[in-house]
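S.K.: sharing a sequence plus its predicted fold:
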Amino acid sequence: MSGADSQKRFDVTLVGESNIDLLLYGLPDDLPPERELLADRMAMHLGGSPAITAHNLVALGSRVGFVTASAGDTFADLCLRDLTTAGVDLSRAIRKDDGLSTGFTVLLQHSNFRRTLTYPGVTHSIRYCDLDLGYLRSARHFHLSSYFLQENLRPDIPRLLAELKEAGLTISFDPNDDPSGEWDSSIYEALAYVDILLPNEREACRIARVPQLDIALHNLAAIVPTVVVKRGAQGAVALTNGKRYTAIAAPVTPVDAVGAGDSFNAGFLHAYLKGEPIDRCLAFGNLAGAFSTTQAGGIAAFCNADERSRFFANHAVEAR
């Protein structure tokens, strides 16, 4: 870390949603209408891609500032409590009194896939005029998730990224899914300011509008200096400066994969900001993503510092 970087207040700042994830397990693959179907287990945790990333970055040792919207309801209190307990700075959280409640996602866990149902709530309320740019600039790096969910912020995202880039921050970007299925090409305006793109395989192909990962990887790397594609149990692949890197996934018996991609982001960025080479960043991201799957939801595993230390120590060979 350079002298200038060490004087920054945060390692990473983020903007976006903090929602509730409700997970239901043991449901049949077929969901017939007008039937009461029983799950055999449930869990409820902090959700939202940027919130999970922020929480787990702090757990790994990064200094994090997070600008999120709060509806002031009971679920908002739960989200803010979990983030504050972890050590995420929420001093610029935005209170919204526009009649919308905290966002809520119901994740139906089937045997080989999951269904995701989301009410965005105040996620849609975040606007460029709500943001304290000085606060966001007080970091070494800026991370943006959930591009397509940021309905009112999205038109100003290129402007926001340009200003942060001008201030000397590096920028990472996880697009997440597009609920509309349209994958609007306006995303390319934002990608022009991005240093690290962090999609999963499906997202990479949809953004590049090609069916093959290798073609998508090369096409996106022509726009973004470093493209990192998360492939779940198949590990991860990155392309930077014309060089391709791969990393295998750490072997685990998963509870679920909710938040695994966001946890990968946290691991990758934590290593990246420590100055690790890309192959080490990939390996550390894989470990963080795998560790996330050992408990329900995106943050539960990271709340146990002893288990976290033990897991990373036991799997250290896979991060070499």
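M.R.: It's in. Numbers count the residues shown, from 1 in each chain.
S.K.: neighbours around residue 279, how many?
M.R.: 15 (other C-beta atoms under 10 Å). Any C-beta I mention is one placed from the backbone N, CA and C, and that applies to glycine too.
S.K.: wait, I meant residue 89
M.R.: 20.
S.K.: not counting sequence-adjacent ones, nearest residue to it?
M.R.: Counting by C-beta to C-beta, 6 or more residues apart in numbering, the nearest residue to residue 89 once its immediate chain neighbours are dropped is residue 65, at 4.4 Å.
S.K.: quick check, the one you found in a strand?
M.R.: Yes. Residue 65 forms part of a strand when assessed by DSSP: H, G, I helix; E, B strand; the rest coil.
S.K.: that one and residue 236: what is the separation?
M.R.: Distance of residue 65 to residue 236, computed by C-beta to C-beta, to the nearest Å: 26 Å.
S.K.: more neighbours: which of those two?
M.R.: residue 236 (26 against 23).
S.K.: which pLDDT value goes with the more buried one?
M.R.: What the model reports for residue 236 is a pLDDT of 96.
S.K.: which residues touch residue 256?
M.R.: Residues near residue 256 by C-beta atoms under 8 Å, 6 or more residues apart in numbering: 23, 25, 107, 109, 114, 293, 296, 297.
S.K.: tell me, how many neighbours does the closest residue to the last one other than its chain neighbours end up with?
M.R.: Going back to what we said before, that points to residue 297. In this structure, residue 297 finds its nearest non-sequential neighbour in residue 45, 3.4 Å apart by C-beta to C-beta, 6+ apart. By the criterion of other C-beta under 10 Å, residue 45 has 22 neighbours.
S.K.: sec struct for residue 45, please.
M.R.: Classification of residue 45 using three-state DSSP returns strand.
S.K.: that one contacts residue 298, correct?
M.R.: Yes. Shown here, residue 45 and residue 298 form a contact pair, counting by C-beta atoms under 8 Å, at 6.6 Å.
S.K.: what is in contact with those two at once?
M.R.: Listed as contacting both residue 45 and residue 298 by C-beta under 8 Å, 6+ apart are residue 21.
S.K.: would you map the helices across the stretch 1-150 of the chain?
M.R.: Secondary structure of the stretch 1-150 of the chain, counting by DSSP state H, counting those that start in this stretch: helices at 3-6, 49-60, 74-86, 133-137.
S.K.: most packed of those?
M.R.: Mean neighbours per residue, mean count of other C-beta atoms under 10 Å, is largest over those for helix 49-60, with a mean of 28.
S.K.: quick one: distance of it to the chain centre.
M.R.: A distance of 8 Å separates the C-alpha centroid of helix 49-60 from that of its chain, computed with C-alpha atoms, centre = their mean, to the nearest Å.
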